[in-house]
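Chemist: just coords:
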């Protein structure tokens with residue numbers, strides 16, 4: 001089997017599995033799980049084979065003309081370089097883990113067949129984006145992912161939250177996709193081809209007519225797909241979908257597509273200094289805003305969602321300073337530990353029976369009940385916080401090191417302002433990231449109040465996947481010394497200055513959060529839980545749940561907080577209520593866009609009903625009135641007809657006399 005044949009089969013196998021699952025899912029339910037898992041596993045094996053054969057050497061290109069268009073041709077093209085083959089391995093491995101995990105997580109779900117088929121289609125679409133050498137074919141995979149995300153986020157369509165989240169995800173990403181499409185057309189018009197190699201050649205020869213405009217149009221689509229400010233608001237709400245879907249979207253598909261596309265076409269963006277500055281500012285605002293928002297979330301999945309937004313900000317920051325190797329390196333490590341965190345969160349949620357960190361903080365023994373999730377999530381959180389020697393440390397240091405080089409003017413063609421922006425925002429975000437990682441870990445696994453009810457044991461499929469993902473989470477950072485051969489040749493090894501600064505920031509964030517947590521525990525202890533029914537004659541005994549609620553209310557009146565176990569509220573202070581709502585961006589969009597559009601819709605409805613329909617009704621009523629008048633005149637009485645004729649003759653005669661006398 002040739003390399004190109006194997007590469008064609010990588011996206012084709014999950015696609016065929018999706019088609020077979022849709023056609024046979026309800027008729028032959030016994031085949032649903034094999035059709036979901038085996039094609040994706042086979043695609044993972046082939047993706048590894050393709051990566052080994054490509055080996056980071058010369059890019060492999062293959063193409064066939066799809067159809068004559070009369071202008072710019074469209075080709076079914078493959079472009080296999082080091083970036084593509086490694087990202088494909090990430091996609092297929094994470095998708096295989098998600099499919100295996102889902103067989104247990106959704107084993108009683110009646111819509112599992114359609115869910116599994118959509119996950120396979122989602123995987124195939126992302127692989128088309130990764131391997132495609134033609135922008136129009138890439139766009140097909142790009143849009144199919146949007147449709148799949150709509151259905152998967154809305155899997156629990158019975159709930160209002162899932163319906164709203166799926167619609168929001170679809171519309172917000174489409175808002176970015178419209179200018180993205182025009183950007184692709186602009187590139188093709190200047191280069192004379194949709195082939196990525198042809199576009200890059202046109203950039204190298206200076207053939208782009210309007211590089212800044214084209215780059216900004218493309219950035220709109222990237223911001224929507226990869227959830228960057230200001231089009232990131234759909235991603236936290238997408239947590240209404242099943243947890244395995246969240247893992248797939250956040251780790252290997254959808255949000256990774258925008259970063260990967262920018263890395264693939266980085267010379268287009270680097271051709272415009274203004275575009276790089278916009279990208280740097282977008283990355284900085286995204287990193288800082290999402291980290292603050294993560295500190296204020298009570299839902300464990302929303303904490304991880306805002307975390308994803310921030311880590312994607314690191315990747316776009318690396319692209320803003322011209323280092324796509326660092327961006328894709330962080331994409332790979334992030335895909336491993338974020339998939340582990342989401343799937344581990346699913347185990348925790350299943351055991352606790354709730355998504356709420358506040359509720360988990362009141363549970364004792366959660367770490368003992370789910371030891372697999374406890375240990376693996378602990379390592380994943382350390383990787384997310386960039387604590388050495390875990391993978392996140394090495395990839396984040398590659399980003400910060402690239403920003404430092406750009407800030408000191410050591411990156412040709414990259415403005416120093418972009419480097420300083422990314423570097424300072426990255427260091428501040430490192431502190432905040434460690435803080436919300438520590439908060440999540442403390443609230444999940446260090447509760448001291450009464451035990452929660454048992455919610456069942458997790459299957460081997462769910463816990464086994466966690467240990468599989470633990471391997472790249474722990475060891476993938478060591479690839480920093482090997483990946484330059486696969487990428488652009490730039491060093492990805494940590495530098496001393498940024499390593500000390502970022503690690504110091506991370507340790508400071510974790511320690512401050514731990515101190516705040518100890519403070520909240522001490523404050524909460526001042527209100528004894530047994531004080532709720534101190535007078536047995538005053539009221540009947542209350543339940544434990546009511547006692548905890550009263551305990552929290554009493555603490556809130558004393559400490560000014562809603563939950564004694566939430567150190568994030570203590571640290572953020574007045575900023576907490578703003579951060580908890582994502583700094584009111586949704587409210588701002590509602591005021592700026594939703595309400596005006598609804599008002600315009602109401603105006604159009606009024607005009608249609610009161611003006612247009614009035615004319616329509618009038619056009620039908622007037623002939624009716626005329627017909628009624630004519631019908632009444634036709635009485636059938638000859639004497640009446642003669643009388644009218646005589647009267648008309650008299651009128652005409654009088655008129656003629658008056659005219660003659662006037663003349």
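Modeler: Cool, the structure landed. What you see is a predicted model; the values in this text were computed from it and never measured.
Chemist: hang on, residue 391 packs against residue 477?
Modeler: Yes. Counting by CB atoms under 8 Å, residue 477 is a contact partner of residue 391 at 3.7 Å. Placement of C-beta: from N, CA and C, glycine included.
Chemist: okay, and the common contacts of the two?
Modeler: Here residue 391 and residue 477 have residue 333 as joint contacts, going by CB atoms under 8 Å, 6 or more residues apart in numbering.
Chemist: Can you say which helix or strand has the spatially most central residue of the chain in it?
Modeler: Closest to where the C-alpha atoms of the chain average out (CA atoms, centre = their mean) is residue 235, at 4.0 Å. Using DSSP states H and E, residue 235 sits within helix 234-237.
Chemist: repeat for residue 277
Modeler: Using DSSP H and E, the element containing residue 277 is helix 273-296.
Chemist: model confidence over that helix, on average?
Modeler: Helix 273-296 carries an average pLDDT of 96.
Chemist: Remind me what that helix packs against, helices and strands.
Modeler: Counting contacts by 3 or more CB pairs under 8 Å, 6 or more residues apart in numbering; DSSP states H and E, helix 273-296 packs against helix 211-225, helix 266-270, helix 300-320, helix 416-445, helix 567-572, helix 576-580.
Chemist: still on that earlier bit, any idea how far the residue nearest to the centre of the chain is from residue 153?
Modeler: 10 Å (CB to CB, to the nearest Å).
Chemist: who touches both of these two?
Modeler: residue 169.
Chemist: Which of the helices and strands in this structure ranks last by mean pLDDT?
Modeler: helix 544-559 (a mean of 38; mean pLDDT, DSSP states H and E).
Chemist: Would it be right to say that residue 488 lies in a helix?
Modeler: No. Assessed with DSSP: H, G, I helix; E, B strand; the rest coil, residue 488 is coil; it does not lie in a helix.
Chemist: need the contact list for it.
Modeler: By CB under 8 Å, 6+ apart, the residues touching residue 488 are 323-325.
Chemist: separation between it and residue 82?
Modeler: Remark: distance between residue 488 and residue 82 (CB to CB) = 9 Å.
Chemist: go on, residue 436?
Modeler: For residue 436, the distance to residue 82 (CB to CB) stands at 33 Å.
Chemist: These two: which has the busier surroundings?
Modeler: The neighbour comparison of residue 436 against residue 82 (other CB atoms under 10 Å) goes to residue 436, with 29 against 21.
Chemist: Check the spacing between that one and residue 334 real quick.
Modeler: 15 Å.
Chemist: Ok, residue 371 next?
Modeler: Computed as CB to CB, the residue 371 to residue 334 distance reads 25 Å.
Chemist: For the closest residue to residue 570 other than its chain neighbours, what is the enclosing helix or strand?
Modeler: Spatially, and ignoring its direct neighbours in sequence, residue 570 is nearest to residue 516 (5.0 Å; CB to CB, 6 or more residues apart in numbering). Per DSSP H and E: residue 516 is located in helix 496-525.
Chemist: Tell me if I'm right that residue 507 and residue 434 touch.
Modeler: Yes. With contact defined as CB under 8 Å, residue 507 and residue 434 form a contacting pair (7.1 Å).
Chemist: Would you mind telling me which of these two has the busier surroundings?
Modeler: More neighbours surround residue 434 than the other of residue 507 and residue 434, with 28 against 15 (other CB under 10 Å).
Chemist: Tell me the first helix or strand C-terminal of the longest helix seen in the chain.
Modeler: Looking across the chain with DSSP state H, the single longest helix is helix 160-191. Using DSSP H and E, the helix or strand that follows helix 160-191 in sequence is helix 196-204.
Chemist: ok and that following helix relative to helix 211-225, angle-wise?
Modeler: Here helix 196-204 runs at an angle of 140 degrees relative to helix 211-225 (axes from the mean of the first three to the mean of the last three CA atoms, to 10 degrees).
Chemist: ok, and what's touching helix 196-204?
Modeler: Under CB under 8 Å, 6+ apart, the answer for helix 196-204 is 61, 77, 79, 132-135, 138, 187-188, 190-193, 208, 211, 264-265, 267-268, 271.
Chemist: One more: stretch 235-243?
Modeler: 102, 105-106, 115, 149, 152-156, 159, 161-162, 164-166, 168-169, 227, 246, 249-250, 255, 293, 297, 299, 301-302, 305-306, 308-309, 342-343, 345-346, 349, 582.
Chemist: Could I have the buried ones of these as PyMOL selection syntax?
Modeler: What follows is the PyMOL syntax selecting those of those that are buried according to 16 or more other CB atoms under 10 Å:
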select buried, resi 102+105+106+115+149+152+153+154+155+156+162+165+166+168+169+227+246+249+250+255+293+297+299+301+302+305+306+308+309+342+343+345+346+349+582
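Chemist: Relative to residue 311, how far out is the residue nearest to the centre of the chain?
Modeler: Distance, residue 235 to residue 311, using CB to CB: 12 Å.
Chemist: Thought residue 475 was touching residue 336, still the case?
Modeler: No. The pair residue 336 / residue 475 is not scored as a contact, 9.5 Å apart, by CB under 8 Å.
Chemist: Between the two, which is the more surrounded one?
Modeler: Taking neighbours as other CB under 10 Å, residue 336 and residue 475 compare with residue 336 leading, 29 against 13.
Chemist: Which residue is the nearest non-sequential neighbour of that one?
Modeler: Excluding the flanking residues, the one nearest residue 336 by CB to CB, 6+ apart is residue 472, at 3.8 Å.
Chemist: Could you pull up the contacting residues of the one you found?
Modeler: 332-333, 336-337, 391.
Chemist: Remind me which helix or strand it belongs to.
Modeler: Since the elements are taken from DSSP H and E, residue 472 ends up inside helix 460-475.
Chemist: Touching both of residue 507 and residue 434, which residues are there?
Modeler: The contact sets of residue 507 and residue 434 overlap at residue 387 (CB under 8 Å, 6+ apart).
Chemist: and the residue of the chain positioned farthest from its centre, how far is that from residue 647?
Modeler: In the chain, counting by CA atoms, centre = their mean, residue 661 sits farthest out from the average C-alpha position, at 90.3 Å. Here the criterion is CB to CB. By it, residue 661 lies 22 Å from residue 647.
Chemist: swap in residue 13?
Modeler: Distance of residue 13 to residue 647, computed by CB to CB: 93 Å.
Chemist: again, but for residue 629
Modeler: Counting by CB to CB, the separation of residue 629 from residue 647 is 17 Å.
Chemist: shared neighbours, residue 336 and residue 475?
Modeler: Residues touching both residue 336 and residue 475 (CB under 8 Å, 6+ apart) are residue 391.
Chemist: where does residue 59 fall, phi/psi-wise?
Modeler: Per-residue torsions, residue 59: phi -60, psi 140 (degrees, to the nearest 10).
Chemist: Now do the residue lying closest to residue 59 once chain neighbours are set aside, the pLDDT please.
Modeler: In this structure, residue 59 finds its nearest non-sequential neighbour in residue 81, 4.0 Å apart by CB to CB, 6+ apart. Looking at residue 81, its pLDDT reads 94.
Chemist: give me every residue that touches residue 81.
Modeler: 54, 59-60.
Chemist: can you put those in a markdown table and add distance to residue 418 and pLDDT?
Modeler: Shown next, in a markdown table, are these (distance: CB to CB, whole Å; pLDDT from 0 to 100):
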| residue | distance to residue 418 | pLDDT |
| --- | --- | --- |
| 54 | 31 | 91 |
| 59 | 28 | 90 |
| 60 | 33 | 91 |
